[in-house]
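S.K.: Coordinates only, no sequence provided:
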């Protein structure tokens, strides 16, 4: 087992990367949606 301090640090690091990843995915989806709305005709979404 890791010492308690190292384990806490590791958990914080993992949590930090998880937050960054979530943020990145959300931003990517938002950008994709904006581009899709801008570039595609509206009827594509209702077909």
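M.R.: That came through fine. Given the structure is predicted, the values throughout are model-derived calculations rather than measurements.

S.K.: Who are the contact partners of residue 14?
M.R.: Applying Cβ atoms under 8 Å, 6 or more residues apart in numbering to residue 14 gives no contacts. No exception for glycine: its C-beta is placed from N, CA and C like everyone else's.

S.K.: what about it, which SS state?
M.R.: helix (DSSP: H, G, I helix; E, B strand; the rest coil).

S.K.: Distance check, it against residue 28.
M.R.: Computed with Cβ to Cβ, to the nearest Å, the distance linking residue 14 and residue 28 is 21 Å.

S.K.: likewise residue 15?
M.R.: On the measure of Cβ to Cβ, residue 15 and residue 28 end up 20 Å apart.

S.K.: Could you pull out the helices in this structure for me?
M.R.: With DSSP state H as the definition, the chain shows helices at residue ranges 4-39, 43-46.

S.K.: Which of the ones you listed has the highest mean neighbour count?
M.R.: Greatest average neighbour count among those goes to helix 4-39 (a mean of 10), per mean count of other Cβ atoms under 10 Å.

S.K.: Rounded mean pLDDT for it, please.
M.R.: Per-region confidence: helix 4-39 scores 90 on mean pLDDT.

S.K.: quick check, distance from it to the centre of its chain.
M.R.: Centre-to-centre, helix 4-39 and its host chain are 4 Å apart (Cα atoms, centre = their mean, to the nearest Å).

S.K.: Next: stretch 28-42.
M.R.: For stretch 28-42, the distance to the chain centre is 17 Å (Cα atoms, centre = their mean).
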